[in-house]
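Colleague: Build me a model from this:
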Amino acid sequence: MENEAKRIYIADDDDNIRQVVKTFLLSDGYRVEDFPTGDLLLERFRESPCDLAILDVMMPGSDGFAVCTELRKASTVPIIMLTARDSENDYAMGLGLGSDDYITKPFSAMALLMRVRAMFRRIDFERQKHTAPAPQTVTVGNLRLDEDKRRILNGDAVLALTPTEYEVLKYLMLRADQAVSREELLNAVWGFETAVETRATDDTVRRLRQKLDGCGVRIAAVWGFGFRLEAGT
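Modeller: Next up, the predicted model:
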């Protein structure tokens, strides 16, 4: 099946949730390994990285936020956070630490499966663009967008970007010097638009600003609206 090469790790201390989610993902053709703690997932990831990680926030030992932080130190693997708390602060913290998506318990396994499919579909779509007409080379400051290889370079150095960070920066590069609203970014990158979830764009932009230091560009704030990518520092 198309998904056989995709390996997913799940960490959740609720045995029932793990097994239900694992069953749904296996039935869709993914390879899945599950762990009752985030520490065990981290140990396994260091031995053999996965293609996507699903992390519960509240777990014994290292919680989901701590595991997310450790994964981000070594990898740009896509991360989906699970939480039993419907908290804007939890949502913002997860995204701020580098997670790519967030779903609140209780949730249906099918809803999570759809999120997983959408994330892989977005990544695969970008990787398969070599079958379409070659995209134009886009440069802004010292940055160069390489859509065929799904990467952005600062000179000759590839920026270490998560899938979401890549999508946001690519979107801004293709619209350099244009004002882009938070809502537009949410629709284009995450596929949703709500007043609360505009925090997602702010946290992703904050991380990007740190990574763009010395790249000859800056993400300027457009007060009360959104952002604009500009050449120069």
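
Colleague: Would you agree residue 181 is in contact with residue 224?
Modeller: No - the pair residue 181 / residue 224 is not scored as a contact, 9.8 Å apart, by Cβ atoms under 8 Å. C-beta coordinates here come from the backbone N, C-alpha and C atoms, glycine included.

Colleague: If you count surrounding residues, which of those two has more?
Modeller: Legend: neighbour count by other Cβ atoms under 10 Å for residue 181 and residue 224, higher for residue 181 (16 against 6).

Colleague: Roughly how far does the nearest residue to the more buried one once chain neighbours are set aside sit from residue 175?
Modeller: Nearest residue to residue 181, sequence neighbours excluded (Cβ to Cβ, 6 or more residues apart in numbering): residue 226, at 4.0 Å. To residue 175, residue 226 is 11 Å away according to Cβ to Cβ, to the nearest Å.

Colleague: can you give me the strands for the chain?
Modeller: Along the chain, counting by DSSP state E, strands occupy 7-11, 31-35, 52-56, 79-83, 101-104, 138-140, 143-146, 151-154, 157-158, 180-181, 217-222, 226-231.

Colleague: between these, which one is nearest to residue 122?
Modeller: Among those, strand 101-104 comes nearest to residue 122, with 10.7 Å by Cβ to Cβ.

Colleague: quick one: buried residues of that closest one?
Modeller: Going by neighbour count (16 or more other Cβ atoms under 10 Å), the buried part of strand 101-104 is 101-102.

Colleague: strands paired with it, and their directions?
Modeller: Sheet pairing of strand 101-104 (DSSP bridges) gives strand 79-83 (parallel).

Colleague: And the average pLDDT for the strand it pairs with is what?
Modeller: Here strand 79-83 scores 87 as its mean pLDDT.
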